[in-house]
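Peer 1: Any chance you could fold what I've pasted below:
(chains A and B)
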Number of protein chains: 2
Amino acid sequence: MSKAVTIFDTTLRDGTQGEGISLSADDKLKIAKKLDQLGVHYIEGGIPGSNSKDIEFFKRVQELGLSATVTAFGSTRRKDSIAEHDPNLKRILESGAKATSLVGKSWDFHVHTALQTTLEENLAMIYDSIAYLKREGMEVLFDAEHFFDGYKNNPEYALAVMRKAEEAGADWLVMCDTNGGTMPHEVHDIVSVLAGRVTTARLGIHTHNDCELAVANALNAVRAGAEQVQGTMNGYGERCGNANLCSIIPNLQLKLGYDVIEPEQLQQLTNTARYVGEIANVHMPVGQPFVGTAAFAHKGGIHVSAILRDSRTYEHIAPETVGNRQRVLVSELAGQSNILSKAQEMGIKFDPENEETRQVISKIKDLEHQGYQFEGADASLELLLRQANGEMKELFVFESFKMLVEKSAGKPVVSEAFIKLNIDGNSLYTAAEGNGPVNALDNALRKALISYYPALKNIHLSDYKVRVLDDKDATASKVRVLIESKDAANSWSTVGVSGNVIEASWEALVDSLRYALLGQTKMEHEEVVSASQGLVNH
Amino acid sequence: MSKAVTIFDTTLRDGTQGEGISLSADDKLKIAKKLDQLGVHYIEGGIPGSNSKDIEFFKRVQELGLSATVTAFGSTRRKDSIAEHDPNLKRILESGAKATSLVGKSWDFHVHTALQTTLEENLAMIYDSIAYLKREGMEVLFDAEHFFDGYKNNPEYALAVMRKAEEAGADWLVMCDTNGGTMPHEVHDIVSVLAGRVTTARLGIHTHNDCELAVANALNAVRAGAEQVQGTMNGYGERCGNANLCSIIPNLQLKLGYDVIEPEQLQQLTNTARYVGEIANVHMPVGQPFVGTAAFAHKGGIHVSAILRDSRTYEHIAPETVGNRQRVLVSELAGQSNILSKAQEMGIKFDPENEETRQVISKIKDLEHQGYQFEGADASLELLLRQANGEMKELFVFESFKMLVEKSAGKPVVSEAFIKLNIDGNSLYTAAEGNGPVNALDNALRKALISYYPALKNIHLSDYKVRVLDDKDATASKVRVLIESKDAANSWSTVGVSGNVIEASWEALVDSLRYALLGQTKMEHEEVVSASQGLVNH
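Peer 2: Predicted coordinates for the structure are as follows:
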């Protein structure tokens, strides 16, 4: 039996320290759910009480019933005070989280410079805080900040800190390479020393990527005795980022033979990484190891012909084991199986030999080439597949829209939309105002359709994202709009692409309503007329 | 005296295998010159004869008089043929390069599957090709493709390949982890074995980043006896890229004590990395180790106050040693110390005790609360600080804008903007079309201002980002727009926030131009009129 390694994800806490990364409470809850499905063992949600988003997160996450242990982050008590009275420790307890990662100093230089206290008081701060939270029944992970720098500078003190934390009852001692400057062989040596001294606690490793060595350092720590790896999805985090779990998990499991997550969960790695990237609204590097779109892409002609003989010639693992796929730029073989399996998931049967199937696959590839991305827009993909399967009727015939935004000095900005549609030969011309142009379009479109499709009343847009696709030309370049919609029971995402943000939004809006109305029947014109009269009369 | 390591740069050859990377002969020559100044020892220019760009490069590079050795890449002779008649080897000789990297197979599986020949014939191909080029006076680096996979599968054969190359006179034996799947401890073990067996040749290492371990693997190889590291600037290359020299060079020199390039050259690392990124037209990840704009950026308030006491608290090296700099990001988590140090960076002196200082800080915090984010919008922050410092004059008096987007079935979407401004009592009313509404606004605004501020001609928008701030209410919620602008020498970012994406974009656009024109003087109305008449008359 292979040895298990526990994964501690801190995307929602340390990850949000990355430049340009900012997550709402809703974003955090969505990511937590997805991480739980991936099978990570700990999800660090934030710093309770530091801001209203984190307070909301810890409250609402309890309703999700996750398998992972939700963890709250905080510092040891303030110097020269009492743990039981510490406001931060109190907030950790009040958060409802079952576990806490409690950060403390292990580098004497930091005790003097940053904390400005004595080495003895720092030990007391660590002991008191851990002992208090243990008495209150929490699982405690002690994050030893700057452990490696501390050890290199004053090994006795760094080890004394860990001993003190263990005495206080810490379940885990987490060795942090906070500044990311430690070399892999040093990590191996130092972890080995500590591993020989701990008795009750288990060891964790938390590395940063300042030397482009965070993954190697985490692996070396595990090989030297650590049983938990802390990191973030896509390596998000302050400065150069945290250790990238999207690389660490497959390396541990596929290369080093550790037991980390289930093989079926590992197959969700690529789509989880991309999902988190979409929510965080951060460009994924195409060449990101394991999960990037180019991670298994082959460009060179010689490589391609070897690959076609045997993919092991230029691939270090089978891409499917991490849910990615081979891309051979000259070959049409690549995406087909993905699309077919997606269709199967939706209960649509496609025969891969069929001419229509080939047509829809080539249409999807063409759209992807134009900048559409269906990873984050399942509903738009389903509409395409259902259309190819002959299941779709159009909601209306589009005639035109106009969108006007007007701003005069000292007055609020005004947005208006004008829409002309035709349903069953009846021309509809509606206008609406909105808080912003897309909202105005949305309002006008609903106004036009709601009497035919009363179910639209219960549907609302829950998220709206815009991404510029090609930054060479900035405001003149293509944009991709993703819209998420909700009704009482479900949520779904749709996509639109255009050089014009309004047109791209319109496309995603229309798809959203088309998807919402799948299986709904339209009211007939006569009913609509009498229903409207009804509204006027009552 | 510390041991020297030789740097072999293959940005111009293996780097161009990266998705989306394409370099003209001119681009390659510019990069070669810059790499030479950085002090790399070998510059691999391409594959002579493979295309006209590479032919031109090898011809023109001779005129540059570089210190680095320019190297041409090629394969061992074809199977069952004679080296002296091999067209590829002939082109290597004709290229004028003094050195060649000659790639050959060292994995028996590849000899059978890809080459489809015998193990003996492969050894002969290697021996004949190297011996021939050595007789012709070239320095030969033998690139043993898939050396680590080969060694793991059939160590005797992999070592026999290296022995044969050495017998033929190869100056360097380069161990390639072509598929990027080897773990660091395996690299260390295998390099140690080979290092114990070579006699005349020296060892090089060539790694790929498929497991996010290319840098660690290169360092481990050096620690086990390799004296040359091959890699690319910014880690460009096929799939997940090659080993990143921008991380390897400082790690070897600053962390492991090897002698690589001069300290003054190391200070050129950041600007060289960014220069290559510009020429290759590839977005640099902000968090790229050592050279990224966020590599030494600090966001958390506690970190920032520690950094201000002593930067070693959260920096693993002094950023200046690699030509980078410290940045303090202003974020919701941060406090007054961030803003003050930012002002200091800009050369603005604020007394923290002063009433005006308190006002600007509370204004910035208030804006952040409204959704502004200044960590990605340095220029907007600088404008606020300069305004508080009494340095700003307004460019114009805003009167109104109107923005119209119109789409009819079967016709392309049309965007128009109408702007009314007042400059020195002169009313300006302009209109412009654009590819999308923001582009139309941008065009109209420039059209109005350019005759007063001719410097705007050289400025263009280089990136445009939109983020929805609160997704509870989707299209009716606030959006934040970030705009990045560039002129020949600089780039800067500005922010706008509004419930209306058009208004937010307008705000960021105006800030971008205000920043661009800091220190520029306006042309007077009379000059503008006569300049405009000049344009009409000539």
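
Peer 1: Point out where chain A drops to low pLDDT.
Peer 2: Applying pLDDT under 70 to chain A picks out residues A:1, A:299-302, A:304-305, A:328-338, A:341-342, A:369, A:375-376, A:470-476, A:519-538.

Peer 1: Just the CA coordinates for the longest strand along chain A, please, in PDB.
Peer 2: Across chain A, the longest stretch assigned as strand under DSSP state E is strand A:397-408. In PDB, the C-alpha atoms belonging to strand A:397-408 read as follows (Å, rounded to 0.1, in the frame of the first residue of the first chain):
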ATOM      1  CA  VAL A 397     -36.800  36.200 -35.300                       C
ATOM      2  CA  PHE A 398     -34.300  38.900 -34.500                       C
ATOM      3  CA  GLU A 399     -34.800  42.200 -36.400                       C
ATOM      4  CA  SER A 400     -32.700  44.800 -34.600                       C
ATOM      5  CA  PHE A 401     -31.400  46.300 -31.400                       C
ATOM      6  CA  LYS A 402     -30.200  49.800 -30.500                       C
ATOM      7  CA  MET A 403     -28.400  50.700 -27.400                       C
ATOM      8  CA  LEU A 404     -27.800  54.200 -26.200                       C
ATOM      9  CA  VAL A 405     -25.700  55.400 -23.300                       C
ATOM     10  CA  GLU A 406     -25.800  59.100 -22.500                       C
ATOM     11  CA  LYS A 407     -24.000  61.100 -19.900                       C
ATOM     12  CA  SER A 408     -24.100  64.900 -19.200                       C
END
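
Peer 1: Just checking: what are the partner strands of that strand?
Peer 2: strand A:414-423 (antiparallel), strand B:397-408 (antiparallel) (DSSP bridges).

Peer 1: okay if I get these as TSV plus distance to residue A:134 and mean neighbour count?
Peer 2: C-beta: built from backbone N, CA, C; applies to glycine. Formatted as TSV, the strands paired with strand A:397-408 follow (distance: least, C-beta to C-beta, whole Å; neighbours: other C-beta atoms under 10 Å in any protein chain shown):
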stretch	distance to residue A:134	mean neighbour count
strand A:414-423	56	20
strand B:397-408	60	19
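
Peer 1: how about the closest residue to chain B within the stretch 301-450 of chain A, secondary structure?
Peer 2: Of all residues in the stretch 301-450 of chain A, residue A:316 sits closest to chain B, at 2.6 Å by C-beta to the nearest C-beta. Look at residue A:316: counting by DSSP: H, G, I helix; E, B strand; the rest coil, its state is coil.

Peer 1: Quickly note the distance from residue A:135 to residue A:104.
Peer 2: Between residue A:135 and residue A:104 the computed distance is 17 Å (C-beta to C-beta, to the nearest Å).

Peer 1: nope, residue A:289 is what I meant
Peer 2: 33 Å.

Peer 1: ok, now residue A:360?
Peer 2: In terms of C-beta to C-beta, residue A:360 sits 57 Å off from residue A:104.

Peer 1: Break chain A down into its domains, please.
Peer 2: A:6-261, A:397-525 (automatic domain parsing).

Peer 1: and stretch A:359-373, which residues are buried?
Peer 2: Under the neighbour-count criterion of 16 or more other C-beta atoms under 10 Å in any protein chain shown, stretch A:359-373 has A:360, A:361, A:364, A:367, A:371, A:372, A:373 buried.

Peer 1: is it possible to export those residues to CSV including distance to residue B:426 and secondary structure?
Peer 2: Formatted as CSV, the buried residues of stretch A:359-373 follow (distance: C-beta to C-beta, whole Å; DSSP: H, G, I helix; E, B strand; the rest coil):
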residue, distance to residue B:426, secondary structure
A:360, 59, helix
A:361, 60, helix
A:364, 54, helix
A:367, 49, helix
A:371, 42, coil
A:372, 47, coil
A:373, 47, coil
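
Peer 1: so residue A:495 is in which element?
Peer 2: strand A:491-498 (DSSP states H and E).

Peer 1: is stretch A:19-30 up against chain B anywhere?
Peer 2: Yes. Stretch A:19-30 reaches chain B (C-beta under 8 Å from any C-beta of the partner chain) through A:19, A:20, A:22, A:24, A:26, A:27.

Peer 1: Check whether residue A:350 really touches residue A:343, as I assumed.
Peer 2: Yes. At 4.9 Å, residue A:350 and residue A:343 qualify as touching, with contact defined as C-beta atoms under 8 Å.

Peer 1: Between those two, which contacts overlap?
Peer 2: Jointly contacting residue A:350 and residue A:343 under the rule C-beta atoms under 8 Å, 6 or more residues apart in numbering or on different chains are residue A:385.

Peer 1: Could you count how many residues lie near residue A:352?
Peer 2: 11 (other C-beta atoms under 10 Å in any protein chain shown).

Peer 1: What distance do you get for the residue in the stretch 101-250 of chain A positioned nearest to chain B to residue A:454?
Peer 2: Nearest residue of the stretch 101-250 of chain A to chain B (C-beta to the nearest C-beta) works out as residue A:181 at 2.6 Å. Relative to residue A:454, residue A:181 is positioned 63 Å away (C-beta to C-beta).

Peer 1: what's the answer for residue A:55, then?
Peer 2: 38 Å.

Peer 1: Comparing these two, which residue is more hemmed in?
Peer 2: Using other C-beta under 10 Å as the criterion, residue A:55 and residue A:454 rank with residue A:55 on top: 18 against 15.

Peer 1: That one contacts residue A:47, doesn't it?
Peer 2: No. With contact defined as C-beta under 8 Å, residue A:55 does not count as touching residue A:47 (10.0 Å).

Peer 1: isn't residue A:46 right up against residue A:57?
Peer 2: Yes. Counting by C-beta under 8 Å, residue A:46 does reach residue A:57; the two are 5.7 Å apart.

Peer 1: Overlap in contacts, the two.
Peer 2: Common contact partners of residue A:46 and residue A:57 (C-beta under 8 Å, 6+ apart): A:12, A:28.

Peer 1: Now do the helices in the stretch 401-538 of chain A.
Peer 2: Listed from the start of the chain, the stretch 401-538 of chain A has helices (DSSP state H, counting those that start in this stretch) covering A:437-449, A:501-516, A:525-537.

Peer 1: is chain B contacted by the second one?
Peer 2: This points to helix A:501-516. Yes. With C-beta under 8 Å from any C-beta as the measure, helix A:501-516 is seen reaching chain B through A:501, A:502, A:503, A:505, A:506.

Peer 1: Turn those into JSON lines, including distance to residue B:510 and neighbour count.
Peer 2: Output for the residues of helix A:501-516 next to chain B, formatted as JSON lines (distance: C-beta to C-beta, whole Å; neighbours: other C-beta atoms under 10 Å in any protein chain shown):
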{"residue": "A:501", "distance to residue B:510": "19", "neighbour count": "29"}
{"residue": "A:502", "distance to residue B:510": "21", "neighbour count": "29"}
{"residue": "A:503", "distance to residue B:510": "25", "neighbour count": "23"}
{"residue": "A:505", "distance to residue B:510": "23", "neighbour count": "26"}
{"residue": "A:506", "distance to residue B:510": "27", "neighbour count": "26"}
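
Peer 1: quick one: the residue nearest in space to the middle of chain A from chain B, how far?
Peer 2: Nearest residue to the geometric centre of chain A (C-alpha atoms, centre = their mean): residue A:276, 1.6 Å. Distance, residue A:276 to chain B, by C-beta to the nearest C-beta, to the nearest Å: 16 Å.

Peer 1: For that residue, which non-adjacent residue is spatially closest?
Peer 2: residue A:233 (4.4 Å; C-beta to C-beta, 6 or more residues apart in numbering or on different chains).

Peer 1: who's in contact with the one you found?
Peer 2: Counting by C-beta under 8 Å, 6+ apart, residue A:233 has contacts A:9, A:11, A:15, A:31, A:35, A:244, A:245, A:246, A:272, A:273, A:276.
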